[in-house]
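[1] pasting a predicted model and its sequence here:
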Amino acid sequence: MSKFWIIFKREYAQVVKKKSFLVGLILTPALMAAFTVVPSMLARVQSSTTEHLAVIDMSGEEIGQKFAASLDEYKLPDTDKPYYAVDQIFEPSSTDSARIQQLRDSLNNQINEKNLKYYVVIGPQASLIDSNTFMVTNGSNFRAISRFEHKLSDILSARRLEFSQINLEVDSVLTLTRQLDLTIKDAKGDTIPFEIKYFGALIFVMIMFGMMLGYGQMVMRSVIEEKNSRIMEVLISSVSPFQLMLGKVCGLGAATFTQVSIWYLIGMLIFFFRGALQIDPAIERIVFDPFIIGSFVAFMVAGYLLYSTLFALIGSVVNNEKEAQSFVMPITLSLILPVMMGVYLVQEPNATVAKVLSLIPIFTPTMMMMRVIFVAPTMTDYSLFSGLLGEAVLGFIILSLSVVALIWVAAKIFRIGILMYGKRPTLPEIIKWVKY
Amino acid sequence: MELYLKNIQKSYGDKIAVHDLSLKVPSGVIYGIIGPNGAGKTTTIRMIMDITKPDSGEILVGGTPATKGFKNIVGYLPEERGLYKKMTLHEVILFMGELKGKSAAEIESRMDGWLERMQLAEYKLKKVEELSKGMQQKLQFITTIIHDPEIVILDEIFSGLDPLNIELIKGILLDLKRQGKTILFSTHVMEQAEKLCDYVCMISKGEKVIDGSMSEVKSKFGSNSLQIDIEGDGNFMASLPGVQAMTEFNNYIELRIDEGLDTNQLLKTIIERVTVRGFSVVEPSLYDIFIELANIDPAQMNQNQGAHHV
């Protein structure tokens, strides 16, 4: 058996045999689900008790009364109880500022004491001057805001219509002027909702991120351990530093691959034995897209090699993990950047800045992966020399060449670094090792 | 297998670690590289192991430059030692043996014998971290020779070993020599080396002081040493006529005397001053030879030795 394989075997066994491997296998998807699915579910949660509000109406046009009546249509989920209860409607004169102030003070107090959730102030001439109407609340409940906005708009529009003396039924005007909710379809005639694209990309990228950072750092720790425990010199008397470095990187890489494969298997099992469980066809379009799967495997492997070699290099020049932290930080940031840009990328996956960044090797794996997920399901142009496929191939070639170059440089630094103890080498020293 | 170092030179920055060093390790002998800390022993050994490259000079194994296969026929114990703490003894020995190109079966067949001999058999399936320091040293020694190497290279062989284990290791080294293996070790503990070596090379400040077989080296100095065991203060002896140097050891004093000096006369003079319990004419010790040739302040030498005797 070649010495590379002996190192490979040991590194692989050291990880896979550990209990933490099994825990990570189960815990990671669970956490990932928690971080992606739960917030979107929480946003959809409805109140289970009636929300109380008050109205100060200075319009003198009974807008407050109409507003209160219009809220009757909202019921608590699965019950007949009202979602909103308008406890009080005050109709002070708009010139009685003392009274208005006193009302507002008292309502503010009730809000602070949580007896009230909202109160709405409808100013004089509300139908003419929009800014005269506002709502006071300590929360920021999107649902309430949009419902109140919607109802008040209808009432005020009706008022304006009456003033305009156009002789038309109010209801028919509202029907005629209703707003359009634009349905989004893609070139293939389907719809992949924004959230699915975004969270789908996030899950893929988080897996890559976790694997590259997690297992990469494992490579680093393994090198540091061998340095600290002084095993290194014995190892180097048996294998070449190059074999050692590559054995480590690949052995731990195989452990990564095992982990992702098991996740994939679990995912497939859930999919094929889902029974009554509904899976959005949009999700199917993402996870079965050959371009996406191909990109994931290719960028995952090349990205892992890039980052773990970088981590092996760092491990070889530092004395302990604490010293390593200052190097790890920028690497982590370089991986986080594409995730932070996700919201922008999902809107503009082909913007110039996205194109350029996704061709820079350290960003390529995550950045290109995001773009592929955003674009691939709706792609029609599979030309190798233009469009996203061409860019992905180019990005992969650049990344692969960088990996080869990095391994070459790292091997030179590694063979000297692993036997250096004490003072951390300076950058000029390290550059000298490469030339050596 | 014979080892030949030819005009080896190595510097780190301005500091010359090894200067124009040549030495020949004949096949099937125990060869000691001896010198104080910082003399260049570890650098020399690392160059033999191809861990560092010499700036100039050549290292020949069996008459030719070392090939890739060299690493597999040599067993190397570095001065700084360590093993994987989380692996079991069985796993560690197997891993190290396989790294030397041996099959698992071959390593397994030898493992129990060695564990037995090192009194570690009952720990075979325990983790390394459960062993005491001394046991870990013995385990490390097993991993060094488990692949039945032709050449065994041991850097600062005695460091970290208690006297009992030193005897154990010495016995094994003599066995290995009987099997025709070549053993090269370095140490700064000269008394130990003296009892074990067939050949020595003394180095100081990166340069060779003297080398050759033990008898050659000693015969160059003749039998002009006296060992005296006395009661009381013996300092006066240093200034007696014909005495070149005096070294105090724990339970005796060693005197280097002029060639042809009448030792009876000298003994008489001493007896008049103190009670003599023992008196013998001996070959000079390696320590004396080293002090004389390397021109080293004995105080510094003793300090070096003391630090590692503990």
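    That came in fine, so what should we check first?
[2] if we ignore the residues flanking it in sequence, what's nearest B:K220?
    B:I210 (7.5 Å; Cβ to Cβ, 6 or more residues apart in numbering or on different chains). Quick note: C-beta positions are derived from backbone N, CA and C, even for glycine.
[3] now the one you found: how far from chain A?
    Separation of B:I210 from chain A (Cβ to the nearest Cβ, to the nearest Å) stands at 28 Å.
[4] looks to me like B:Y84 is in a strand.
    No - counting by DSSP: H, G, I helix; E, B strand; the rest coil, B:Y84 falls outside a strand, being coil.
[5] strands of the chain, start to end?
    All of this refers to chain A. A:51-57, A:84-90, A:118-122, A:134-137 (DSSP state E).
[6] hmm, no, I was thinking of chain B.
    Going by DSSP E, chain B shows strands at B:3-12, B:15-25, B:30-34, B:56-61, B:64-65, B:74-77, B:151-154, B:182-187, B:199-204, B:207-213, B:225-231, B:243-248, B:253-257, B:275-282.
[7] rewinding a little: redo the strands of chain A as CSV? Include mean pLDDT, mean neighbour count and distance to chain B.
    Output for the strands of chain A, formatted as CSV (pLDDT from 0 to 100; neighbours: other Cβ atoms under 10 Å in any protein chain shown; distance: least, Cβ to the nearest Cβ, whole Å):
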stretch, mean pLDDT, mean neighbour count, distance to chain B
strand A:51-57, 91, 22, 58
strand A:84-90, 90, 18, 62
strand A:118-122, 90, 23, 60
strand A:134-137, 88, 15, 57
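[8] give me the number of residues near B:R117?
    15 (other Cβ atoms under 10 Å in any protein chain shown).
[9] can you tell me the closest non-neighbouring residue to it?
    B:I172 (7.4 Å).
[10] so who does that neighbour touch?
    Contact analysis of B:I172 by Cβ atoms under 8 Å, 6 or more residues apart in numbering or on different chains lists B:117, B:141, B:145.
[11] closest to chain A out of those?
    Nearest to chain A among these, counting by Cβ to the nearest Cβ, is B:F141 at 11.6 Å.
[12] was I right about the closest one contacting B:L115?
    No - taking contacts as Cβ atoms under 8 Å, B:F141 lies outside contact range of B:L115: 11.4 Å.
[13] name the residue in these two with the higher neighbour count.
    When B:F141 and B:L115 are compared for neighbours, B:F141 comes out ahead with 24 against 20, by other Cβ under 10 Å.
[14] which ones are touching A:S308?
    A:S308 neighbours (Cβ under 8 Å, 6+ apart): A:212, A:215-216, A:219, A:249, A:252-253.
[15] tell me how far it lies from A:M218.
    Counting by Cβ to Cβ, to the nearest Å, the separation of A:S308 from A:M218 is 8 Å.
[16] what of A:I331?
    From A:I331 across to A:M218, the span is 14 Å (Cβ to Cβ).
[17] joint contacts of A:S308 and A:M218?
    In contact with both A:S308 and A:M218: A:L252, using Cβ under 8 Å, 6+ apart.
[18] count of residues packed around the residue nearest to B:K220?
    19.
[19] wouldn't it be in contact with B:I203 here?
    No - at 9.3 Å, B:I210 does not count as touching B:I203 under the criterion of Cβ under 8 Å.
[20] which residues of the stretch 151-300 of chain A lie near chain B?
    A:225-226, A:228-231, A:233-239 (Cβ under 8 Å from any Cβ of the partner chain).
[21] ChimeraX command for the buried members of these?
    Buried residues within those, by 16 or more other Cβ atoms under 10 Å in any protein chain shown, are selected in ChimeraX with:
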select /A:225,226,230,231,233,234,235,236,237,238,239
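[22] return the subset of the residues of the stretch 151-300 of chain A next to chain B lying in helices.
    A:225-226, A:228, A:233-236 (DSSP state H).
[23] pLDDT added to these, as TSV?
    Listed next are these as TSV, based on pLDDT from 0 to 100:
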residue	pLDDT
A:E225	88
A:E226	88
A:N228	85
A:E233	87
A:V234	88
A:L235	90
A:I236	87
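[24] got the domain ranges for the chain?
    No chain specified, so I'll use chain A. Taking automatic domain parsing as the reference, chain A has its domains at A:3-40+A:191-435, A:50-176.
[25] meant chain B actually
    Split by automatic domain parsing, chain B gives B:3-218, B:221-309.
[26] what parts of chain B come near chain A?
    Counting by Cβ under 8 Å from any Cβ, chain B sits next to chain A at B:49, B:51-52, B:71-72, B:74, B:76-78, B:80-86, B:95-96, B:98-101, B:140, B:143-144.
[27] 7 Å instead?
    Contact residues, chain B versus chain A (Cβ under 7 Å from any Cβ of the partner chain): B:49, B:51, B:71, B:76, B:78, B:80-85, B:95, B:98-100.
[28] circling back: and the domains of chain A, which is most packed in?
    Among those, ranked by average contacts under mean count of other Cβ atoms under 10 Å in any protein chain shown, first place goes to domain A:3-40+A:191-435 (a mean of 18).
[29] show me what residue of the stretch 301-436 of chain A gets nearest to chain B.
    When scored by Cβ to the nearest Cβ, the stretch 301-436 of chain A has A:L419 as its residue closest to chain B, at 6.7 Å.
[30] local confidence estimate at that residue?
    What the model reports for A:L419 is a pLDDT of 80.
[31] and A:L103, by the same measure?
    The predicted local confidence for A:L103 is 90.
[32] check contacts around it.
    Listed by Cβ atoms under 7 Å, 6 or more residues apart in numbering or on different chains, the contact set of A:L103 reads A:56, A:90, A:92.
[33] tell me how far the last one lies from chain B.
    By that I understand A:P92. 77 Å.
[34] which residue, other than its chain neighbours, is closest to that residue?
    Going by Cβ to Cβ, 6+ apart, A:P92 has A:R99 as its nearest residue, at 4.8 Å.
[35] A:G139 now?
    A:K117 (7.1 Å).
[36] for A:V317, same thing?
    A:G417 is the one closest to A:V317 (Cβ to Cβ, 6+ apart), at 4.3 Å.
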